[in-house]
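[1] give me coordinates for this.
(2 chains)
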Protein chains: 2
Amino acid sequence: MLDKLSWRYAVKKMDPSQCVPEEKVEKILEAIRYAPTSSGVQPFEVFVITNPELRDAIRAASYGQPQITEGSHLLVFAAWDNYTAERIDAVLAQNVAERGESETLAAYYERLKGMYLPRTEETNHDHAARQAYIAFGFALAAAAELEVDSTPMEGFEPEKVDAILGLREKGLRSVTLLPLGVRAAEGDWLQGMAKVRKPADELFTVLA
Amino acid sequence: MLDKLSWRYAVKKMDPSQCVPEEKVEKILEAIRYAPTSSGVQPFEVFVITNPELRDAIRAASYGQPQITEGSHLLVFAAWDNYTAERIDAVLAQNVAERGESETLAAYYERLKGMYLPRTEETNHDHAARQAYIAFGFALAAAAELEVDSTPMEGFEPEKVDAILGLREKGLRSVTLLPLGVRAAEGDWLQGMAKVRKPADELFTVLA
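    Purely as a prediction, here's the structure:
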């Protein structure tokens, strides 16, 4: 992805006649699945939406941003609303199933429950959302590597998107959207504009 | 990075006699600098620490995790404590300097201030932290691509790390650590263990 950092940009207009190949979408999903998360909990789910009616509804809940329907796939990142004993126990159970019984592991996740469960739902959801953002970063990097266009979006009404997808009933809350598609050849005001990033000496401090 | 998703893991023991080449560290920093952020604000800074005393102190504030001093470089991701008019104005000023005057841009960032400035400091810091996590994801993906070992860490006492680096005075709060180094050949309990990730059908829902 390093040689594609300048190639990628937040596409404003996608070509609705073009489709991202399924094998590339699969690779982006694998990058999401392999993204590291705190204590390996992976406290989020991702909805992969091609359905036109659902995307129309989500576009309407996202200030009409056209990439949501002009791209070929829409990823909705939804973080857990809270940590629960059941959710943490399921992580431990999968670890035991794949790595074998371990007292150390069992004690680790017991401590994790002791830390997470007394916290407020908001604190836990926020922590889960941050993990989803790591995976969101992986998805963006993977898309760039594959020369798949994408537009990272926070500009939507989460309550409406949650309602459209029935997320709250599943213990989830939408945190970001990522339309995948093919940049339109014309009509994107951002395309071709200089990429603006802070200079390295503003962003980084070396302490040697 | 896609072919390195299984190669990377959260290294638990690094070889302190080995050093990540500076040109690879530079590439990881470029990936951080190019990571997308909400409205292009880049509301974070990254501290690149090789200084032994500082790393000793940060290790002591991080439950003694050895990678912090056994790696060759430690990245500390620090998000803005809050959004301010000055900070948003500086983003607009850089955009104008590099892309030229634009009423649309000026109006955009004016609206952004109208949205951000009335919010609580905690809400704004949390939003800034999420942007830092996208860059954190980019750093992890870039390190994997370059076969640089790394260990993503949230397990530290942020107030202590903030004090060690004088972050609060700079309007910053530490959110994650990322030691970079070379995995030790022996003595890492996690090395060689099966990578545990949820199956795709648990993590993804396709809505066609």
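
[2] what's the burial count for the closest residue in space to A:Gln94 that isn't next to it in sequence?
    Spatial nearest neighbour of A:Gln94, excluding adjacent residues (C-beta to C-beta, 6 or more residues apart in numbering or on different chains): B:Val196 at 6.0 Å. Yep, even glycine has a C-beta here, placed from its N, CA and C like the rest. By the criterion of other C-beta atoms under 10 Å in any protein chain shown, B:Val196 has 14 neighbours.

[3] pLDDT wise, what is B:Val196 at?
    With respect to pLDDT, B:Val196 scores 95.

[4] give me the three-state assignment for it.
    With DSSP: H, G, I helix; E, B strand; the rest coil as the basis, B:Val196 sits in coil.

[5] measure it to A:Gly100 for me?
    Separation of B:Val196 from A:Gly100 (C-beta to C-beta, to the nearest Å): 11 Å.

[6] picking up where we left off before, isn't the residue nearest to A:Gln94 right up against A:Asn95?
    Yes. At 5.4 Å, B:Val196 and A:Asn95 qualify as touching, with contact defined as C-beta atoms under 8 Å.

[7] what does the pLDDT read for the most centrally placed residue in chain A?
    In chain A, the residue lying closest to the centroid (C-alpha atoms, centre = their mean) is A:Phe136, at 3.4 Å. With respect to pLDDT, A:Phe136 scores 98.

[8] which strand or helix spans it?
    helix A:121-145 (DSSP states H and E).

[9] ok, A:Ile68 next?
    Per DSSP H and E: helix A:67-70 holds A:Ile68.

[10] help me see whether the next helix or strand after that helix makes contact with chain B, please.
    Later in the chain than helix A:67-70, the nearest helix or strand by DSSP H and E is strand A:73-80. No. Applying C-beta under 8 Å from any C-beta of the partner chain, one finds strand A:73-80 separated from chain B by no less than 9.0 Å.

[11] how about the residue nearest to A:Gln94, what does it touch?
    Listed by C-beta atoms under 8 Å, 6 or more residues apart in numbering or on different chains, the contact set of B:Val196 reads A:40, A:94-95, A:98-99.

[12] I'd like the average pLDDT over the host helix or strand of A:Met115.
    Per DSSP H and E, A:Met115 falls inside helix A:103-116. Over the span of helix A:103-116, the pLDDT mean works out to 96.

[13] now swap in stretch A:123-130 and tell me
    Averaged across stretch A:123-130, the pLDDT comes to 98.

[14] so which bits of it are buried?
    A:124-130 (16 or more other C-beta atoms under 10 Å in any protein chain shown).

[15] just stretch A:105-115 next, same as before
    Quick answer for stretch A:105-115 (16+ other C-beta under 10 Å): A:109, A:112-113.

[16] re earlier: now, among the buried residues of stretch A:123-130, which is nearest to chain B?
    Closest approach between the buried residues of stretch A:123-130 and chain B, by C-beta to the nearest C-beta: A:Arg130, at 4.9 Å.

[17] how about that closest one, nearest residue that isn't a chain neighbour?
    Nearest to A:Arg130 is B:Tyr133, by C-beta to C-beta, 6+ apart, at 4.9 Å.
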